[in-house]
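Student: With the input below, show me the fold.
(one chain, ligands or ions: 1)
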Amino acid sequence: MASTMISLASATPSASLSVQETLKGKTRLGSGSVSTLFNKEKGNPSNKKKSFGRISMTVAVNVSRFEGIAMAPPDPILGVSEAFRADIDVKKLNLGVGAYRTEELQPYVLDVVKKAENLMLERGENKEYLPIEGLAAFNKVTAELLFGADNPVIEQQRVATVQGLSGTGSLRLAAALIERYFPGAQVLISSPTWGNHKNIFNDARVPWSEYRYYDPKTVGLDFEGMISDIKAAPEGSFVLLHGCAHNPTGIDPTPEQWEKIADVIQEKNHIPFFDVAYQGFASGSLDADASSVRLFAARGMELLVAQSYSKNLGLYAERIGAINVVCSSADAAARVKSQLKRIARPMYSNPSVHGARIVANVVGDPALFNEWKAEMEMMAGRIKNVRQKLFDSLSAKDKSGKDWSFILKQIGMFSFTGLNKAQSDNMTNKWHVYMTKDGRISLAGLSLAKCEYLADAIIDSYHNVS
Ligand code: LMR
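Tutor: Down below sits the predicted model:
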């Protein structure tokens, strides 16, 4: 706090109290921080009482140096959880953040994670700093999981892999690399996209623009719009693609459409930049969910891939993920990696070890790896079941003839309901269903038991709120 001297004029000494009171409303006054100097007859308290002349005072107040900082709005996704926690209604349902819950709507720690943590205790692992690029065993298995261990990009050492702070931190490292080495290049982002993408590129000072993706008329993919916007972008742009289970829409291109997207990106000399946040969690298959990335890599393209283990291993708070940059030579990959490390060092020095060891232990151990795949299938299966039940409930209850089948065509943990902001507000204000204002609901936070209630809320909001 800064101490500021403010000169005031007052008719009487007693008026100084009300001046101080007024000040309290505007400024922060630390105890004992106000000193009042009576310039007239000062030093004699009895004289002060008798005086009715004009008195000039100087008041020292503590004014925050941060006075000019306005209150930030709540985060559109994580802020929803804060609002949910404050709601005392028993019917409340948190479908905002994408976090897996059990059928009892409780957080879930995977059994393989507990086993991997026990292994760490048994081995008596230390807490020494990791290298800037992260845990070597993690970096190895994460790239192999993504591309397949026998992929030429791995065998030819053409991938620069650096451990990141989950998907967000990995995207942020790549954004800093783009800003530094591709000045003026823009990133094309789908419309809509995950709420944090724009923040990441804004903060990294990387220009971005949007390509069409979602078609509200069909609640499906605007494939023609997507292709023509990617074609129209300046040559050499970065094209941000969701590897699988597009967030927030849950709408993915078909394999044939992926081929066409790759054609256009190659023609325009763009650089594909994948965000893979759900490998294995979207379809239940690690390979199927990495097929888009592998298709591009098989064409010999240079590309970037950010990975996250928040959803598929339930390691939300461990902040574990990676940035992978596939280069056309091992030499280029080594140089890119050295620069990623250079970017990471002043940002956070080096990453944390706990989540990296869990991933390395699970993916690197055949028995644990198989158990993980079974647990992932179980989680993906539960989400598919609530998706089906929600569709059934909507179809049975809604007598208007509206076709709700788009819900079944979407994939992953989210459903994009098509509800607008006012309708989403109604879901929250009237029904205590917490969701993001773009109409996204997280099916991972829904139970079979709550599907009918949710269907009632959606039908009411859709038909009765414009
Ligand atoms: C989400 O989209 O809900 C998650 O990826 C959580 C987040 O960080 O936004």
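Student: what about the residue lying closest to residue 78 once chain neighbours are set aside, how many neighbours?
Tutor: Take residue 78 and drop its neighbours on the chain: the residue closest to it by C-beta to C-beta, 6 or more residues apart in numbering is residue 97, 6.4 Å away. C-beta coordinates here come from the backbone N, C-alpha and C atoms, glycine included. Taking other C-beta atoms under 10 Å as the criterion, the count of residues near residue 97 is 19.
Student: I'd assumed residue 441 was in contact with residue 97.
Tutor: No: under the criterion of C-beta atoms under 8 Å, residue 97 lies out of contact with residue 441, with a separation of 11.0 Å.
Student: where do the helices sit along the stretch 351-466 of the chain?
Tutor: Along the stretch 351-466 of the chain, the stretches classed as helices by DSSP state H, counting those that start in this stretch are 354-364, 366-397, 406-409, 421-429, 451-464.
Student: cool, the stretch 1-150 of the chain as well?
Tutor: For the stretch 1-150 of the chain, the helices defined by DSSP H, counting those that start in this stretch occupy 15-26, 45-50, 78-86, 111-123, 136-147.
Student: quick one: average confidence on the second one?
Tutor: Mean pLDDT, computed over helix 45-50, is 44.
Student: Next: the last one.
Tutor: Summarised as a single mean, pLDDT over helix 136-147 is 98.
Student: how does this structure divide into domains?
Tutor: Domains of the chain are assigned by automatic domain parsing as 2-63, 78-108+375-464, 131-364.
Student: wait, which of the ones you listed is closest to residue 72?
Tutor: domain 78-108+375-464 (9.9 Å; C-beta to C-beta).
Student: OK, contacts around residue 302?
Tutor: Each residue near residue 302 by C-beta atoms under 8 Å, 6 or more residues apart in numbering is listed here: 271, 325, 326, 327, 328.
Student: Would you check how far apart it and the ligand are?
Tutor: Separation of residue 302 from the ligand (C-beta to the nearest ligand atom, to the nearest Å) stands at 26 Å.
Student: what are the phi and psi angles of that residue?
Tutor: Main-chain torsions, residue 302, degrees, to the nearest 10: phi -80, psi 140.
Student: how near is it to residue 373?
Tutor: Residue 302 sits at a distance of 30 Å from residue 373 (criterion: C-beta to C-beta, to the nearest Å).
Student: what's the answer for residue 207, then?
Tutor: With distances defined as C-beta to C-beta, the gap from residue 207 to residue 373 amounts to 40 Å.
Student: Which one's more surrounded, those two?
Tutor: Between residue 207 and residue 373, counting by other C-beta under 10 Å, residue 373 is the more crowded of the two (16 against 13).
Student: got a list of what the more buried one touches?
Tutor: Contacts were defined as C-beta under 8 Å, 6+ apart; by that measure residue 373 touches 280, 286.
Student: How about the helix or strand residue 321 falls within and the ligand, any contact?
Tutor: Per DSSP states H and E, residue 321 falls inside strand 320-326. No: using C-beta under 6 Å from any ligand atom as the criterion, no contacts between strand 320-326 and the ligand are found, and the smallest distance is 11.3 Å.
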